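>>> below is the sequence, then the predicted model.
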Amino acid sequence: MIMLALADLTMTERLARALAPLLQQQDVLELVGEIGAGKTTFTAALARALGATEPVRSPTYTVAHAYGLADGTTLAHLDCYRTRGTLDEAAWGDVEPYFDSGIAVVEWPEPVRAWLTGRRTWQLELRAVSESARIARLQAPDPASARAFLRSWRSSSLT
Ligand SMILES: Nc1ncnc2c1ncn2[C@@H]1O[C@H](COP(=O)(O)OP(=O)(O)OP(=O)(O)O)[C@@H](O)[C@H]1O
Ligand SMILES: [Mg+2]
């Protein structure tokens, strides 16, 4: 578990830039945290860092949206806030394609977790400690990825 203090939005953007190069095709990134913690804001920064060709908006009313990236791959953004309990097979079938192509970021991931066992999964938890400061807790899929992230974080600049 990696814990980072994000003093303001520029630090959240720095975290997104540090993480972006480590994400692999079909990786899942679970975003955990209360309403307003910054999950969608982080996703937008991650999309920019990955070269998304359109800006991120909250998918709360559409469950999922896929963004095209500069290299031809996709970043899927899902938000399961409105889902209660684990997705049934039909509902999973609707969203499964988002996980089978590109990278998938999921806000409020509990309803899909049972369907994602065995996948390479990162988890980022954001907690607001003031209007602009956040505490981030990052769980990497394996120790080598955690070390690679720390190298990327240390070498990332603030601008
Ligand atoms: N350091 C920071 N990191 C992220 N967001 C921040 C930070 N400082 C301030 N904010 C603000 O906090 C708000 C976070 O809202 P956001 O929609 O990203 O939250 P969320 O976690 O996606 O909420 P929800 O669960 O409702 O989807 C935004 O208005 C953002 O500008
Ligand atoms: Mg959100």
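Everything's here; your move. Numbers count the residues shown, from 1 in each chain. Ligands and ions are numbered 1, 2, ... in the order given.
>>> show me what residue of the protein gets nearest to ligand 2.
T40 (3.3 Å; CB to the ion). (C-beta placed from N, C-alpha, C; glycine too.)
>>> which non-adjacent residue is nearest the residue of the chain found nearest ligand 1?
As assessed by CB to the nearest ligand atom, ligand 1 sits closest to G38 within the chain, at 2.7 Å. Closest residue in space to G38, ignoring its immediate chain neighbours: L126 at 4.8 Å, by CB to CB, 6 or more residues apart in numbering.
>>> could you do E96 as well?
Distances taken as CB to CB, 6+ apart put W115 closest to E96, at 7.4 Å, once the chain neighbours are dropped.
>>> how about stretch 103-110, does it reach ligand 1?
Yes. Using CB under 6 Å from any ligand atom, stretch 103-110 reaches ligand 1 at E107.
>>> so who does the residue of the chain closest to ligand 2 touch?
By CB atoms under 8 Å, 6 or more residues apart in numbering, the contact set of T40 is V56, S58, D79, E107.
>>> which helix or strand contains it?
Assigned by DSSP states H and E, T40 falls within helix 39-49.
>>> can you pull the buried residues of stretch 99-117?
Neighbour-count burial for stretch 99-117 flags 99, 102-112, 115-116 (criterion: 16 or more other CB atoms under 10 Å).
>>> what about ligand 2: which of those touch it?
E107 (CB under 5 Å from the ion).
>>> between the buried residues of stretch 99-117, which sits nearest T86?
For these, the closest approach to T86 (CB to CB) belongs to P111, at 5.7 Å.
>>> Q123 belongs to a strand?
Yes. Under DSSP: H, G, I helix; E, B strand; the rest coil, Q123 sits within a strand.
>>> okay, and the beta partners of it?
Beta bridges link Q123 to E30, Q139, judged by DSSP bridges.
>>> and what of I103?
In this entry, I103 is beta-bridged to L75, by DSSP bridges.
>>> surely it is in contact with L23?
Yes. The pair I103 / L23 is scored as a contact, 4.9 Å apart, by CB atoms under 8 Å.
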